[in-house]
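Colleague: Sequence and predicted structure are below.
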Amino acid sequence: MTRRGYLLVALAGSVLSLAGAFFFQYVMAILPCHLCILQRWPHAVMVAVAAVALFLPKTVFMLAGALAAVVSTALAIYHSGVERKLWAGPSDCTGGQDLSGLTGADLLSTDITIGVVQCDEISYSILGLSFANYNILLSLGLVVIWGLAARSRA
């Protein structure tokens with residue numbers, strides 16, 4: 001396969017990942033947690049890098065795409081571990097908030113209409129795997145594809 005072919009596959013992988021995330025959020029009403037949203041950024045970077053690299057097929061862009069895929073993989077592994085209770089997640093989405101400044105009335109108030117989606121709970125799974133688990137697999141595949149693009153001829 002040519003470098004352009006690998007770039008198109010990498011571009012499609014990240015575009016489909018983002019499209020899937022937005023589909024589940026806006027069509028299926030499965031709200032993302034803080035870590036889910038963070039995992040979208042490396043895919044957005046890969047889309048931008050791939051778009052540029054299609055016109056300027058320099059190896060540095062392939063390496064930047066591979067680095068973004070590695071970051072995406074690391075974030076997905078971290079989130080998967082938080083979901084599986086293997087390690088603690090960020091306090092802003094795992095129930096570790098400091099409630100000491102609130103009164104009993106504050107805690108019992110129903111005025112708050114927007115809830116926090118917990119990062120340490122699996123909101124939806126397909127075949128026993130969470131979205132973060134699938135992102136690990138996709139991102140590892142993208143690391144390989146970006147690496148192949150870097151090694152191929154322009």
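Modeller: Nice, thanks for sending it over.

Colleague: Tell me if I'm right that residue 59 and residue 150 touch.
Modeller: Yes: using Cβ atoms under 8 Å, residue 59 is in contact with residue 150, at 5.4 Å. Where C-beta positions appear, they are placed from N, C-alpha and C, glycine not excepted.

Colleague: which one of those two has more residues nearby?
Modeller: Using other Cβ atoms under 10 Å, the more surrounded residue of residue 59 and residue 150 is residue 150, with 18 against 14.

Colleague: Centre-most residue in this protein?
Modeller: Per Cα atoms, centre = their mean, the C-alpha nearest to the average position across the chain is that of residue 39, at 2.2 Å.

Colleague: Roughly how far does that residue sit from residue 10?
Modeller: 16 Å (Cβ to Cβ, to the nearest Å).

Colleague: Next: residue 42.
Modeller: 12 Å.

Colleague: what touches both of those two?
Modeller: The overlap between the contact sets of residue 42 and residue 10 (Cβ atoms under 8 Å, 6 or more residues apart in numbering) consists of residue 69.

Colleague: in terms of contact, does residue 93 touch residue 33 like I think?
Modeller: Yes: applying Cβ under 8 Å, one finds residue 93 in contact with residue 33, separated by 5.1 Å.

Colleague: So between these two, which is more surrounded?
Modeller: residue 33 (25 against 20).

Colleague: tell me the contacts of the more buried one?
Modeller: Counting by Cβ under 8 Å, 6+ apart, residue 33 has contacts 93, 117, 118, 119, 123.

Colleague: right, and out of those, which lies closest to residue 78?
Modeller: residue 119 (9.7 Å; Cβ to Cβ).

Colleague: Ramachandran coordinates for that closest one?
Modeller: Taking degrees, to the nearest 10, you get phi -70, psi -20 for the backbone angles of residue 119.

Colleague: residue contacts, it?
Modeller: Applying Cβ under 8 Å, 6+ apart, we find residue 119 in contact with 33, 34, 35, 36, 79, 82, 83, 89, 90, 93, 94.

Colleague: ok, so of the residues you listed, who is nearest residue 25?
Modeller: For those, the nearest to residue 25 is residue 36 (8.6 Å; Cβ to Cβ).

Colleague: which residues in the protein form helices?
Modeller: All helices of the chain, identified by DSSP state H, fall at 3-26, 34-55, 59-83, 104-108, 131-151.

Colleague: ok, back up a step: dump the contacts of residue 33 to a markdown table, plus distance to residue 68 and pLDDT.
Modeller: Rendered in a markdown table, the data for the contacts of residue 33 read as follows (distance: Cβ to Cβ, whole Å; pLDDT from 0 to 100):
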| residue | distance to residue 68 | pLDDT |
| --- | --- | --- |
| 93 | 23 | 76 |
| 117 | 24 | 79 |
| 118 | 27 | 84 |
| 119 | 21 | 82 |
| 123 | 25 | 82 |
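
Colleague: All good on my end, thank you.
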